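In: The following block contains a protein sequence and its predicted model.
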Amino acid sequence: MSKKVKKKKKNLFSKFLIFIDVIALICFFFAYGPYSYFRELLVTTAMTTMSHKYLAYILYSEETVKEILDKNKIVESGESTDTSAINTELAEDTGVYESIYEEQILKRDEGNEHYKILEIEEDNWHGYMAVIYNPADIELVFTENYGKSRGDYVSTMGKKNNALVAMTASGVQNVRPGVNIITGETVKDGKIFAVGKNINKGGGMIGFNKDNVLVLTKKSAKESIAEFGMDRAVEFGPFLIVNGKPSTFNGSGDGVHPRTAIAQRQDGIVLFVVIEGRRASSVGISLKDLSEFFLKYKAYNAANLDGGGSSALYAVVDGEGKLLNEPGGYNYSGERYMANAWMLIPKEEEEEPDMDVATESEWGIWK
């Protein structure tokens with residue numbers, strides 16, 4: 001090998017080392033520099049994941065992590081939903097809208113009275129919202145062989161159940177290879193269907209009572225069934241808005257993530273929202289910003305559901321069922337196996353006999 005080639009390789013290696021040093025200095029500056037924003041964002045984001053809390057402890061002591069978390073808290077009101085404030089009779093489209101947000105919600109897609117899909121975005125995030133007009137058509141559906149299998153993708157569950165829309169519901173925990181179970185309690189058909197591992201996400205029971213009102217309550221599954229007539233519900237959180245009042249968000253709340261959330265307006269319309277994250281085109285959204293988003297669309301009650309790599313929204317668009325967002329965690333992309341999903345499955349309407357339809361004996365007059 002000539003001296004010239006050796007010198008060139010040596011120069012390239014030196015440049016590579018300099019590049020690594022610069023990257024290390026930048027990371028050191030963000031992690032330990034004078035600006036606390038990046039430090040707090042890293043810790044709150046890592047500590048609110050299911051399996052990546054170690055990232056915070058690699059860089060900081062337990063005392064520092066606790067101090068940052070204490071400064072970035074979500075304070076919920078502690079109230080339960082006032083069910084009398086929600087009207088679940090089908091909202092009408094009058095053609096008169098007080099804002100662009102109201103028009104987006106109330107103006108139906110031609111030929112579709114059940115739902116519409118909105119693509120939503122701000123400077124740093126992108127996502128989708130399903131607007132569902134009749135809350136009576138929303139069901140909580142579990143995977144086949146729940147508790148004995150790894151579950152299924154939300155998109156696959158949606159197709160299997162002929163759903164028009166399907167979205168992540170409960171969080172899941174892997175209890176043994178190939179088996180996922182829910183986190184927290186779950187109510188189905190007015191009974192406690194399953195109790196999974198404990199969660200530490202704030203919030204409480206999130207679901208619909210027999211009158212199809214979205215109920216948010218800190219009460220247990222048993223108590224919510226007795227007090228509110230809870231019919232189908234999951235346990236997660238935190239609550240973002242209760243009775244029109246947003247939670248208090250100190251600092252960045254719990255960081256920036258992909259999100260799944262559910263909300264209901266006072267006119268009964270339900271909103272399914274999924275925000276993409278952990279990519280250059282959409283870094284994710286904080287719970288504070290998500291709460292403010294819902295307020296623009298007049299959500300009266302809203303709650304956070306399992307996000308991160310679990311966030312998934314499936315819908316039938318132009319006659320084709322497909323996954324709308326691109327789920328992804330820190331080290332993978334694609335859907336995660338889930339235990340259940342919220343689904344829009346319209347009830348079949350009984351057709352009344354048409355008295356004006358000609359009988360078979362009368363067809364001859366048209367021939």
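Out: Ah, there it is.
In: How much space separates S286 from Y101?
Out: From S286 across to Y101, the span is 20 Å (C-beta to C-beta, to the nearest Å). For glycine as for every other residue, the C-beta is placed from the backbone atoms N, C-alpha and C.
In: more crowded one of these two?
Out: Each of S286 and Y101 had its neighbours counted (other C-beta atoms under 10 Å), and the higher figure belongs to S286 (24 against 14).
In: Go ahead and confirm the more buried one touches N250.
Out: No. Contact criterion C-beta atoms under 8 Å: S286 and N250 do not qualify, at 11.7 Å.
In: quick one: low-confidence parts of the stretch 251-367 of the chain?
Out: 252-253, 329-333, 349-367 (pLDDT under 70).
In: Strands along that one, start to end?
Out: With DSSP state E, counting those that start in this stretch as the criterion, the stretch 251-367 of the chain has strands at 259-265, 270-275, 299-305, 313-317, 320-323, 340-344.
In: now the angle from the second one to strand 340-344?
Out: In terms of direction (axes from the mean of the first three to the mean of the last three C-alpha atoms, to 10 degrees), strand 270-275 departs from strand 340-344 by 130 degrees.
In: Please name the bridge partners of the spatially most central residue of the chain.
Out: For the chain, the residue whose C-alpha lies nearest the mean C-alpha position (C-alpha atoms, centre = their mean) is T260; its distance is 1.0 Å. Listed beta-bridge partners, T260: V274, L305 (assigned using DSSP bridges).
In: do E119 as well
Out: Y128.
In: Against A130, how distant is it?
Out: Shown here: E119 relative to A130, a distance of 11 Å by C-beta to C-beta.
In: Over to G268?
Out: Taking C-beta to C-beta as the measure, G268 and A130 are separated by 15 Å.
In: One more: L118?
Out: When distance is defined by C-beta to C-beta, L118 is 8 Å away from A130.
In: the more surrounded of these two?
Out: Counting neighbours by other C-beta under 10 Å for L118 and for A130 shows that A130 has the greater number, 24 against 14.
In: Wasn't that one part of a strand?
Out: Yes. With DSSP: H, G, I helix; E, B strand; the rest coil as the criterion, A130 is part of a strand.
In: Residue ranges in the stretch 51-200 of the chain under the pLDDT threshold?
Out: For the stretch 51-200 of the chain, the stretches flagged by pLDDT under 70 are 51-62, 64-70.
In: Report the contact partners of the residue nearest to the centre of the chain.
Out: Residues touching T260, when contacts are defined by C-beta atoms under 8 Å, 6 or more residues apart in numbering, comprise 167-168, 273-274, 304-307, 310-313.
In: most surrounded residue in those?
Out: Highest neighbour count within the contacts of T260: T168, with 32 neighbours (other C-beta under 10 Å).
In: Would you mind confirming that that one makes contact with V154?
Out: Yes. At 5.9 Å, T168 counts as touching V154 under the criterion of C-beta under 8 Å.
In: which residues are common contacts for these two?
Out: Between them, T168 and V154 share these contacting residues under C-beta under 8 Å, 6+ apart: 312-313, 338, 341.
In: Considering those, which is situated nearest to Y297?
Out: In terms of C-beta to C-beta, no member of the shared contacts of T168 and V154 lies closer to Y297 than L313, at 16.1 Å.
In: and the gap between the closest one and R259?
Out: Remark: distance between L313 and R259 (C-beta to C-beta) = 11 Å.
In: Next: T186.
Out: Distance, T186 to R259, by C-beta to C-beta: 21 Å.
In: sorry, back to before: which of the shared contacts of T168 and V154 sits closest to F193?
Out: A341 (13.8 Å).
In: List the residues that contact that closest one.
Out: Taking C-beta under 8 Å, 6+ apart as the criterion, A341 is in contact with 140-141, 154, 157-158, 163, 166-169.
In: for I192, same thing?
Out: The neighbourhood of I192, defined by C-beta under 8 Å, 6+ apart, consists of 185-186, 221-222, 225.
In: again with F142
Out: By C-beta under 8 Å, 6+ apart, the residues touching F142 are 188, 193-194, 339-340.
In: Please check the contacts of I192 and keep the buried ones.
Out: If you count burial by 16 or more other C-beta atoms under 10 Å, the buried members of the contacts of I192 come out as 185-186, 221, 225.
In: Can I get those residues in TSV including distance to E113 and secondary structure?
Out: As requested, the buried ones among the contacts of I192 are arranged in TSV below (distance: C-beta to C-beta, whole Å; DSSP: H, G, I helix; E, B strand; the rest coil):
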residue	distance to E113	secondary structure
E185	34	strand
T186	30	strand
A221	33	helix
I225	31	helix
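In: With respect to D82, which of those is nearest?
Out: Nearest to D82 among the buried ones among the contacts of I192, with distances taken as C-beta to C-beta, is I225, at 18.1 Å.
In: right, and the closest one touches K191 too?
Out: Yes. Shown here, I225 and K191 form a contact pair, counting by C-beta under 8 Å, at 7.4 Å.
In: What distance do you get for the nearest residue to Q104 once chain neighbours are set aside to D306?
Out: Spatial nearest neighbour of Q104, excluding adjacent residues (C-beta to C-beta, 6 or more residues apart in numbering): L118 at 5.8 Å. When distances are taken as C-beta to C-beta, L118 and D306 turn out to be 22 Å apart.
In: what's the answer for E113, then?
Out: Shown here: E113 relative to D306, a distance of 30 Å by C-beta to C-beta.
In: just V131 next, same as before
Out: When V131 is compared with D306 (using C-beta to C-beta), they lie 21 Å apart.
In: Ok, G237 next?
Out: Taking C-beta to C-beta, one finds G237 at 10 Å from D306.
In: Also L106?
Out: Remark: distance between L106 and D306 (C-beta to C-beta) = 29 Å.
In: now N340
Out: Distance from N340 to D306, counting by C-beta to C-beta: 10 Å.
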